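**Q** Provide a 3D model corresponding to the input given below.
(one chain, ligands or ions: 1)
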Amino acid sequence: EQSVFQAGLHSARPPFTFQSDKWEPLAKEVLSASSWGYIHGNAGAGSTYQKNLSAFARYSIVPRRNMPSRQDKNGNPLFSDTSVTVLGEKLRFPVAIAPIGVQKIFNEAGEVATAKAAADVGVPYILSTASSTSIEDVAKVNGERGQRWYQMYWPSNEHNDITISLMNRAKKSGYTALFVTLDTFVLGWRPSDMDNGYNPFLHPDRIGVEIGFTDPVFRAHFKEKHGYEIDDTERNQGVCATGLTSLGEAAKEWTKIVFPGHPHTWEDLAFLRQNWDGPIVLKGIQSVADAQRAVEAGVQGIVVSNHGGRQHDGGASSLGMLPHIVKAVGGDLDVLFDSGIRCGADIMKAVALGAKCVLVGRPYAYGLALGGEDGVKHVLRAMCGDLLMNMHLAGYRDLGEVNRDAIIKEEDLF
Ligand code: FNR
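**A** Residues are numbered from 1 along each chain as shown. Below is the predicted model of the structure:
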């Protein structure tokens, strides 16, 4: 099965380049200015984002030579084992799909294409609350063999009934873990979107946040407040003209509920623990103190993430914070990582610094823009294949062996 990832040995042409640093400029060519501004855009002057990327170059992988490889039962050499257990589930690679909202603005096939590709490659799909496809429709195409987790933008306490409805729908549709994003209770200061006057949730041409439009408790709330129903003819046609249609009004209302402008408190987590019976993961942790609070709150995991530099400017690189957080809480819960993963070597470095697995964000969305389902598959396979070869060539038989000794800090060398 590993031959799938040895693309270099086959002569089949890929849908687009294997050079991971080219995916972004290629995606820019095919996306509209506003979609490009949304996906690439960052908070402020983009310094957090730049630090996320440059942090990886500060660590280098140290290869080990003459290491015995794994063997099958006939004594034939095997490639390294990239599997890992995260949140009690076995993953084929230390990789999951980061939650990215409104994917239909990158490609009409949207979340359906990504969720199919994820199931095919064997990578968990994390569905965003800001998705342009419903919880149930994504589950259907992700299917029996797909692993899926649900990311929640957590409605304010006065809308606990909607929170419960979202969690129940996710549970019923086979999403096994709940990822609660803590860093986006209000959208960041994003000059590119403001320059374009663009909010993808309220865009006139496209359906924005389908999960809200299909939620029965939200729909009842909307009807009570506005005195009329969300019009499903408009929904099916994707008409979302803000202020002109029921759907536009619903998008505004939904945005208000999930981005209410004030954060939850650590005490509020008890409510989620009482109402969700699987693992809970807090996404967006960037300090040791908050990681310790997460342990005290009794959750099963955290994602060390700064939302790809999209929420606030001038922050530390997410990779820089990772080893400090792992040192404090790595023995108490699963530490996942995102913000800046662009190639296989990046994944190996994050694992060496203590991440159980990483979330791939923008790269797969570029793949979606460039080639729909095949594009996402290509990006995932390329990144996982690159990781496999890096591990194998560096003499690491399995991920358990990849620890802090697998990398060095460049600045310590000179
Ligand atoms: C995101 N991210 C995100 N996170 C989340 O919890 N819910 C969401 O709906 C979204 N939506 C979203 C849209 C777009 C266009 C981007 C680029 C990102 C953040 C995402 O899950 C992840 O943290 C970042 O993408 C990681 O940064 P890089 O590696 O993509 O730069």
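
**Q** mean confidence for the strand or helix carrying Trp149?
**A** Assessed by DSSP states H and E, Trp149 sits inside strand 148-152. Strand 148-152 carries an average pLDDT of 98.

**Q** need the contact partners of that strand.
**A** Strand 148-152 is touched from outside by 87, 96, 99, 115, 124-129, 135, 138-139, 142, 163, 166-167, 170, 173-181, 281, 283, with contacts defined as Cβ atoms under 8 Å, 6 or more residues apart in numbering. Every residue, glycine included, has its C-beta placed from N, CA and C.

**Q** out of those residues, which are inside helices?
**A** Using DSSP state H, Ala115, Ile135, Val138, Ala139, Asn142, Thr163, Leu166, Met167, Ala170 are the members of the contacts of strand 148-152 that sit in helices.

**Q** who's in contact with the nearest residue to the second one once chain neighbours are set aside?
**A** Leaving aside its sequence neighbours, Ile135 sits nearest to Arg169 (Cβ to Cβ, 6 or more residues apart in numbering; 4.8 Å). Taking Cβ under 8 Å, 6+ apart, we find Arg169 in contact with Ile135, Glu136, Asp215.

**Q** out of those residues, which end up buried?
**A** For these, a neighbour count by 16 or more other Cβ atoms under 10 Å gives the buried set as Ile135, Asp215.

**Q** and the strand holding Trp149 with helix 135-142, angle?
**A** Per axes from the mean of the first three to the mean of the last three Cα atoms, to 10 degrees, the angle that strand 148-152 makes with helix 135-142 is 160 degrees.

**Q** do strand 148-152 and the ligand come into contact?
**A** Yes - Strand 148-152 reaches the ligand (Cβ under 6 Å from any ligand atom) through Gln151.

**Q** tell me the strands beside that strand, with direction?
**A** Looking at strand 148-152 with DSSP bridges, its partner strands are strand 125-127 (parallel), strand 178-181 (parallel).

**Q** can you add mean pLDDT and give these back as JSON lines?
**A** Formatted as JSON lines, these follow (pLDDT from 0 to 100):
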{"stretch": "strand 125-127", "mean pLDDT": "98"}
{"stretch": "strand 178-181", "mean pLDDT": "98"}
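
**Q** got the residues of the stretch 101-250 of the chain near the ligand?
**A** Residues of the stretch 101-250 of the chain that fall close to the ligand, judged by Cβ under 6 Å from any ligand atom: Gly101, Ser128, Ala130, Gln151, Thr181.

**Q** how near is the first one to Leu187?
**A** Right, Gly101. Gly101 sits at a distance of 11 Å from Leu187 (criterion: Cβ to Cβ, to the nearest Å).

**Q** looking at these two, which has the bigger crowd around it?
**A** Neighbour count, other Cβ atoms under 10 Å: between Gly101 and Leu187, Gly101 has more, with 22 against 15.

**Q** contacting residues for the closest residue in space to that one that isn't next to it in sequence?
**A** Nearest residue to Gly101, sequence neighbours excluded (Cβ to Cβ, 6+ apart): Ala130, at 2.9 Å. Applying Cβ under 8 Å, 6+ apart to Ala130 gives the contacts Gly101, Val102, Tyr153, Phe201, Gly208, Val209, Ile211, Val258.

**Q** and of the residues you listed, the nearest to the ligand?
**A** Gly101 (3.4 Å; Cβ to the nearest ligand atom).

**Q** okay, and the beta partners of Ile126?
**A** Trp149.

**Q** tally of neighbours for whatever residue of the stretch 151-300 of the chain ends up closest to the ligand?
**A** Residue nearest to the ligand within the stretch 151-300 of the chain: Thr181 (3.6 Å; Cβ to the nearest ligand atom). Using other Cβ under 10 Å, Thr181 is surrounded by 23 other residues.

**Q** quick one: contacts for the closest residue to it other than its chain neighbours?
**A** Of all residues beyond its chain neighbours, the one nearest Thr181 is Lys283 (4.6 Å), with distances taken as Cβ to Cβ, 6+ apart. Counting by Cβ under 8 Å, 6+ apart, Lys283 touches Pro99, Gln151, Phe179, Val180, Thr181, Leu182, Asp183, Ile302, Val303, Ser305.

**Q** the stretch 201-350 of the chain: helices as residue ranges?
**A** Per DSSP state H, counting those that start in this stretch, the stretch 201-350 of the chain carries helices over the ranges 210-213, 216-226, 232-237, 246-258, 269-275, 288-296, 318-329, 344-352.

**Q** quick one: closest of the ones you listed to Asn74.
**A** In terms of Cβ to Cβ, the element of the helices of the stretch 201-350 of the chain nearest to Asn74 is helix 344-352, at 28.3 Å.
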